[in-house]
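Trainee: Predicted model follows, preceded by the sequence.
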Protein chains: 4
Amino acid sequence: MIRVTVWNEFIHEREQEAIRAVHPQGLHEEIAAFLRTNEDMTVRTATLQDPEYGLSQEVLDRTDVLLWWGHMGHHLVPDEVAQRVRDRVLAGMGFIPLHSAHYSKPLKLLLGTTCSLTWRDNDFERVWCINPAHPIAQGVPPYFELPHEEMYGEWFDVPEPDEVVFVGWFRGGEVFRSGCCWQRGTGRIFYFQPGHEEYASYQNPHVQRILTNAVRWAAPRYCRRTLGCLYRGAGCDVPQEIEPY
Amino acid sequence: MIRVTVWNEFIHEREQEAIRAVHPQGLHEEIAAFLRTNEDMTVRTATLQDPEYGLSQEVLDRTDVLLWWGHMGHHLVPDEVAQRVRDRVLAGMGFIPLHSAHYSKPLKLLLGTTCSLTWRDNDFERVWCINPAHPIAQGVPPYFELPHEEMYGEWFDVPEPDEVVFVGWFRGGEVFRSGCCWQRGTGRIFYFQPGHEEYASYQNPHVQRILTNAVRWAAPRYCRRTLGCLYRGAGCDVPQEIEPY
Amino acid sequence: MIRVTVWNEFIHEREQEAIRAVHPQGLHEEIAAFLRTNEDMTVRTATLQDPEYGLSQEVLDRTDVLLWWGHMGHHLVPDEVAQRVRDRVLAGMGFIPLHSAHYSKPLKLLLGTTCSLTWRDNDFERVWCINPAHPIAQGVPPYFELPHEEMYGEWFDVPEPDEVVFVGWFRGGEVFRSGCCWQRGTGRIFYFQPGHEEYASYQNPHVQRILTNAVRWAAPRYCRRTLGCLYRGAGCDVPQEIEPY
Amino acid sequence: MIRVTVWNEFIHEREQEAIRAVHPQGLHEEIAAFLRTNEDMTVRTATLQDPEYGLSQEVLDRTDVLLWWGHMGHHLVPDEVAQRVRDRVLAGMGFIPLHSAHYSKPLKLLLGTTCSLTWRDNDFERVWCINPAHPIAQGVPPYFELPHEEMYGEWFDVPEPDEVVFVGWFRGGEVFRSGCCWQRGTGRIFYFQPGHEEYASYQNPHVQRILTNAVRWAAPRYCRRTLGCLYRGAGCDVPQEIEPY
């Protein structure tokens, strides 16, 4: 059973009626709903308005994979909370930052770069799969279309991904590495570009399939107890004797 | 259920009594035996002495993951048979070349380089895990020891692996990328260095764990029918319309 | 001084008047012409019609970087000649296959995959740089446009490149990894997608800049004599004692 | 002309007579001395004791490649100074952290992981080259020996390097990725493990050759003015119009 937490800053939907109309339950509940249809996942939600910003150590300790939607409120997440998330990822938690979360504090801490990009609102996107054998692409067609998405374009200032699974094509003339994988510490990260608050991309069945696959891909397969993890500061209590031969 | 075929040239064990003493059933049966203890695998064996060198199209078509042990008989595998194996890997079959199979024809076709290395018989090896979160490293300690192994050393002339999971340390002073992952086409390849015919490395529990993990990692997770695979010449019969938007 | 050879199958320009009108001197001379403006390069041309298909051992031995344009005549290059090119790349020669040369025999031997892709004639392309710090991108703007190019689209069945420098956007709705780097053996490979025979892409200043940069990037910086190369079969005559410590 | 700054915390040499005996001018001057023999480099030194910790904006602005030796004083570098170094690397400055600088603040900010490793003082090391064609390996033999070095061992918790050039073998039974390359933003990073303060590794001609090569490799080849850099906040004053086609 994969313990999933969908975190959302939950600002647009509360403050802007037009956005609330698109996501009446909030983006977190919208995403959690389709993930909950999978029998191998237990899905909770958390928001910036919750105690400890929804990201207490207790929440993180019972989370295997964390999805993160943030945009206006990046600065409202305290540095020490972002650091806590980062530490949990390094210790094995899967992390799936969505759309504007390219600028979220935990992702920037994990990747080390500015994560800047170019953007323009409201374009038509085709999402192309450039690695059809990747676990995250399972069941996804060669490409699919999103009639309305925010254009995110290159140059995307991130470390060369371990794997690029999707590349976005925008009618206005741009391209973007829309689905990127990295491992940091023992945790897996999948950044996925679609998901602007004004549109309904999370209702697209291919997007739902991709995020479902991504949760399974990012789930820690790492048994700290049997592996004898060398990870420092991650709460591993297995003796780690390494002796000269 | 993962359909596994363990292929062995099966020459040393038949021709050299000392080798037969170490592997009375042959290396293929020795490897098949521990894989068969896994409930998610169906394991067959095949050898160079079988019809069509044990590698008929029919055998390959019902194989999800192929393990390959070869040494003296690389040249006895016809080019067209090696090509058939290569094509099946590109179409999604997992491929796990073992030890001297760094020089096997299918691997050289798939990697494109000479796959040369340095070597010296009979050394003591420590196998280090340098990516403890990798699926193939699950349950494997930070390092383990093989009291007798053939030294394989750098420079190993292979394309930069997608992931290096294990690095070998040899008492004589050498290092080697002992566990290397590549994807080619839609197939996954894991080369693993231990397994010299004179020694009993495949009886080591960590080696057994690694190969068991590798079979699961290399199994095709790729549903050609749902994915709408673009793969040319691989027998995909799903219509593949790609239209200008 | 970098010794460059521009090889061209030179069929379209001889057999089709419309193509000859675009490239009156042949694609090889057109490419050689702008490379010759660089003081650090000596540029020769060779074609399929030359003795030994323009690819004798003598020609290869005096070539540091080989550019290759081929399309209709891939099958006219004998396997042993393709192998000779491959061996020279593994031994350090730079190799720059252009456009339809994704299907050239040497590249397929070096990469090991089918190198297949999707295509459609005559589209408008924007070439985006996704790694502005790469040596091959030096002096190239964030993107540039080619009013007429053949669309080459994903999925491009090649090994994950060491570095992707350019991604193509096509008006018809496709994307493509248009500039890809690989190292094989000690040689560097840069595949570049623009350059369809019907159009004048090699007269575009950005394309010229890219290919000029690519020649410098791919030039062997490897002093076999001082490095003490381990490369087998590559004509290295430096003693290579490796002793147990 | 490459503008090099060799930065050293300069604590051991001032406080411990035994260390001063090995490096009478300080590690920074020792490293600067052999770099200064290269006609294409202008080499300055800076230490933690200098104004603004030797790392003022003015120093960084005139530095193309920064070498960094630190151990006891990592915590004495203020966070904002480490951030300043990081920003300059992202904007194109080469960065070469040495030995214990795996734990330096700028490297940890750039890589995002703990950068932890195992260690044991005073061992015998063989440094193996596993990518003989890499620019940093030019002129370096297949391996060389350091009679006394601190053992640094795996698991090294860093992001999978873009390229691993050297792997260390230690008599006590460990291996280590001793020479690792990353690109972050538009800057290049080379971490090199040898260089413990008690020993004379920087007097080894192969180490000197490697660091000389690394300075050239890491030097920014990126012409911000001609490239039309997209880099945000990096002082680029070139207009960056990107228009829908």
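Mentor: Arrived safely.

Trainee: pLDDT weak spots in chain A?
Mentor: The model of chain A has pLDDT under 70 over residues A:222-245.

Trainee: longest helix anywhere in it?
Mentor: Ranked by residue count, the top helix of chain A under DSSP state H comes out as helix A:205-218.

Trainee: contact partners of that one?
Mentor: With contacts defined as CB atoms under 8 Å, 6 or more residues apart in numbering or on different chains, helix A:205-218 is touched by A:2, A:4, A:31, A:34-35, A:38, A:40-41, A:65, A:67, A:94-96, A:127, A:135-141, A:144, A:146, A:166, A:179, A:181, A:187-190, A:192, A:194-195, A:201-202. Every residue, glycine included, has its C-beta placed from N, CA and C.

Trainee: what about the closest residue to A:L55 other than its chain neighbours, distance to A:H12?
Mentor: Closest residue in space to A:L55, ignoring its immediate chain neighbours: A:V81 at 5.1 Å, by CB to CB, 6 or more residues apart in numbering or on different chains. Distance of A:V81 to A:H12, computed by CB to CB, to the nearest Å: 20 Å.

Trainee: Tell me, how many residues neighbour A:T37?
Mentor: Using other CB atoms under 10 Å in any protein chain shown, A:T37 has 10 other residues around it.

Trainee: what phi and what psi does the backbone show at it?
Mentor: phi -70, psi -10 (degrees, to the nearest 10).

Trainee: again with A:I189
Mentor: Backbone geometry at A:I189, expressed as degrees, to the nearest 10, gives phi -120, psi 130.

Trainee: Chain A: strands as residue ranges?
Mentor: In chain A, the strands defined using DSSP state E lie at A:2-8, A:41-47, A:65-69, A:94-98, A:118-129, A:143-153, A:163-170, A:175-184, A:187-192.

Trainee: List the buried residues of the fifth one.
Mentor: If I follow you right, that is strand A:118-129. In terms of neighbour count (16 or more other CB atoms under 10 Å in any protein chain shown), strand A:118-129 has its buried residues at A:118, A:120, A:123-129.

Trainee: and chain A, which of its residues are near chain C?
Mentor: Neighbours of chain C within chain A, by CB under 8 Å from any CB of the partner chain: A:126, A:128-132, A:142-143, A:153-156, A:160, A:163-164, A:167-169, A:173-175, A:177.

Trainee: Return only those of these found close to chain B.
Mentor: Answer for the residues of chain A next to chain C near chain B (CB under 8 Å from any CB): A:126, A:131-132, A:142-143.

Trainee: residues in contact with the closest residue to A:R20 other than its chain neighbours?
Mentor: Closest residue to A:R20 apart from its sequence neighbours, by CB to CB, 6+ apart: A:E13 at 4.9 Å. Neighbouring residues of A:E13 by CB under 8 Å, 6+ apart: A:19-20, A:23-24, A:26-27, A:197.

Trainee: Out of those residues, which is nearest to chain B?
Mentor: Among the contacts of A:E13, A:E197 lies closest to chain B (CB to the nearest CB), at 24.1 Å.

Trainee: Identify the residue spatially nearest to that closest one, adjacent ones excluded.
Mentor: Going by CB to CB, 6+ apart, A:E197 has A:H12 as its nearest residue, at 4.5 Å.

Trainee: which residues touch that neighbour?
Mentor: By CB under 8 Å, 6+ apart, the neighbours of A:H12 are A:19-20, A:27, A:71-72, A:197.

Trainee: Out of these, which sit inside helices?
Mentor: A:19-20, A:27.

Trainee: So for chain A, which residue is the most central one in space?
Mentor: By CA atoms, centre = their mean, chain A has its centre lying nearest to A:I96, at 1.5 Å.

Trainee: so who does A:E163 touch?
Mentor: A:131, A:134, A:180-181, C:160.
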